[in-house]
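Undergrad: Quick one: sequence plus predicted model below, questions after.
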Amino acid sequence: MKEVQVKVPGHSYTIKLGSGVIKELPAELKRLNPSSCLIATNITVGSLYLKKATDLCNGMCRTESVVLPDGEAYKDWGSVSAILEKLASMGADRKSVVIALGGGVVGDLAGFAAAIYMRGIRFIQVPTTLLAMVDSSVGGKTGMNMTAGKNLVGTFHQPEAVIADSDFLRTLPEREIGAGIAEIIKHGVLADKTYFEELERDMEKLRALDPETVAKVVGRSCEIKAGVVSRDEKEKGERAKLNLGHTFGHAIEKLTGYGTWLHGEAVAVGTVLAAVTAEKQGKINCGDVKRIQDLIHRAGLPVRIAGISASKAIEAMKGDKKSTKGVPHFILPVAIGTTVIEEVPEGLIKEALLEEGYEP
Ligand SMILES: NC(=O)c1ccc[n+]([C@@H]2O[C@H](COP(=O)([O-])OP(=O)(O)OC[C@H]3O[C@@H](n4cnc5c(N)ncnc54)[C@H](O)[C@@H]3O)[C@@H](O)[C@H]2O)c1
Ligand SMILES: O=C(O)C(=O)C[C@@H](O)[C@H](O)[C@H](O)COP(=O)(O)O
Ligand SMILES: [Zn+2]
């Protein structure tokens, strides 16, 4: 088992990673000594792993569950409300603990419900997708989508622990593995050239979920994310770099209907657009842009998608949380391993989109 520490002001927690680490759940509950716990999951993950998780928790405290519908389209108020109603009806109190058992959607929803129930109760992240293990379970961003945009409502609410058992990945569909790899490539591009080179070397092994490669990659991505979050929990500066690829990515998710393109796929396409935009500004050389595109392609991810209009995408990007007075901010790679956060004029974004083959 590997452990990575996340330290934010007034709170510190451990990410436990590796094969079989789900058996750590009772120990974490013993430490937290909850009055009761609620496992929030979805129908897909619940049918695979809810019994196992419930058995592990039941020995420690009264355990109930809430099973949500599956999909990005359900990352909405209806699901948050279902978790809150369940907490209230089971008599959960301020000493109760919510356990998020699932991918990023369940993690964001359960974390958000925990953040607002009785003005905040504790929660544990038990990520079951690659994306959730390397990214969404770490750092305390919780929330839900609105019709107006992705994650427009939410809180920063850090978990008490993250238990990332790689054995869950055995049942994960191939497309979802790719989605997780998109955020992993993002970590290499934004923070660590050597890591990016390792991904270039090991991409096929990662896609095949070679255990040693998975352990190394999940560990390194968690270290990178934990480092950024520990230095800038509330996204006052550096943390925005974790949004590489998301300005356009979130616009794609909104415009195509939540769930049509997976979050990671949209981020992959957004990362390519960010690199191309940086190239147009003379900030990055074309060789590095090609390496980013090639690695994304080798991960089985899209580098651009059809049916997106540049003007609609720009409108959507103006509503991004990083925009000020309607001017989108982009995370631009300036070399592999280094990024800057900048306002990008509308005209330049449009040019980059048109050059990439998007409709006007
Ligand atoms: N909070 C953050 O910091 C953060 C970071 C990145 C992404 N996100 C959010 O995370 C979400 C994407 O998360 P995701 O990619 O995990 O998607 P997801 O939660 O929708 O899970 C993907 C699919 O895999 C299924 N699944 C999950 N675990 C499984 C398993 N072990 N075996 C078989 N099927 C399994 C799910 O039911 C779902 O159908 C987006 O909403 C995104 O905005 C949040
Ligand atoms: O943790 C962060 O910070 C991130 O930006 C990680 C992203 O991968 C993630 O998709 C996050 O939910 C995006 O946050 P948002 O604030 O842009 O909605
Ligand atoms: Zn993301």
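TA: Yep, that arrived. Numbers count the residues shown, from 1 in each chain. Ligands and ions are numbered 1, 2, ... in the order given.
Undergrad: and this structure, which residues reach ligand 2?
TA: Residues of the chain lying close to ligand 2 (CB under 6 Å from any ligand atom) are 135, 139, 141, 150-151, 183, 235, 239, 242-243, 246, 321. All C-beta spots, glycine's among them, are computed from the backbone N, C-alpha and C.
Undergrad: downstream neighbour of the strand or helix carrying residue 333 in the secondary structure list?
TA: Here residue 333, judged by DSSP states H and E, is contained in strand 329-335. As assigned by DSSP H and E, the chain's next helix or strand after strand 329-335 is strand 338-343.
Undergrad: in that following strand, what counts as buried?
TA: The neighbour-count criterion (16 or more other CB atoms under 10 Å) identifies 338-339, 341-342 as the buried residues of strand 338-343.
Undergrad: Quick check: of those, which lies closest to residue 75?
TA: Nearest to residue 75 among those is residue 341, at 25.5 Å by CB to CB.
Undergrad: wait, isn't the closest one in contact with residue 242?
TA: No: using CB atoms under 8 Å as the test, residue 341 is too far from residue 242 to be in contact (10.7 Å).
Undergrad: Just give me the longest helix of this protein.
TA: The residue-count maximum for a helix in the chain (DSSP state H) belongs to helix 211-231.
Undergrad: Check which residues of that helix are buried.
TA: Judged by neighbour count using 16+ other CB under 10 Å, the buried positions of helix 211-231 are 213-229.
Undergrad: so does it get close to ligand 1?
TA: No: using CB under 6 Å from any ligand atom, helix 211-231 stays clear of ligand 1, with a minimum separation of 8.1 Å.
Undergrad: packing partners for that helix?
TA: Under the contact criterion of 3 or more CB pairs under 8 Å, 6 or more residues apart in numbering; DSSP states H and E, helix 211-231 touches strand 2-8, strand 11-18, helix 174-191, helix 193-207.
Undergrad: outside of the helix or strand following it, which residues touch it?
TA: As assigned by DSSP H and E, the chain's next helix or strand after helix 211-231 is helix 246-256. Residues from elsewhere that reach helix 246-256 (CB atoms under 8 Å, 6 or more residues apart in numbering): 72, 145, 149-151, 260-261, 263, 266-271, 273-274, 305, 307-308, 312-313, 316-317, 320, 322, 328-331.
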